[in-house]
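J.: give me the fold of what follows.
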Amino acid sequence: MKALSDAKLNAYALDPRTVCVGIPPVSGEQRAELARHVKKLGEEAKVAIRAVRQDARKEIAARGRGSERAVQEATDAAVSEVERLVKAKLTEIGA
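T.: Modelled structure (predicted):
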């Protein structure tokens, strides 16, 4: 506890296991940067999902069995889930 007060980080201990730290609010520029990062991660996730779809299609073609329709449905479901999560995060950020 003495180390917290000596560090002058605007932090204090409620009890030996809990520490409270003050965090300043996020600025508009930081919100925009976070929004860009979230969108970039969402696009990277969609690219990865589509790469898995391509691998599955190649596997189906090589083996001659399987359902490309099921693969496409799973891909569509995964992409829509990523889009939902990105939209929810952008709403949370307030961008």
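J.: number of residues surrounding V38?
T.: Using other C-beta atoms under 10 Å, V38 has 19 other residues around it. In short, each C-beta sits where N, CA and C put it, glycine included.
J.: that one contacts A88, doesn't it?
T.: No: at 9.9 Å, V38 does not count as touching A88 under the criterion of C-beta atoms under 8 Å.
J.: state the pLDDT value of G64.
T.: Looking at G64, its pLDDT reads 85.
J.: hang on, I meant L34
T.: pLDDT, read off for L34, is 94.
J.: equivalent analysis for the one 3 residues further on, please.
T.: Model confidence at H37, expressed as pLDDT, equals 96.
J.: go on, the one 3 residues further on?
T.: The predicted local confidence for K40 comes out at a pLDDT of 97.
J.: let's verify C20: helix, strand, or coil?
T.: Recorded secondary structure, C20: strand (DSSP: H, G, I helix; E, B strand; the rest coil).
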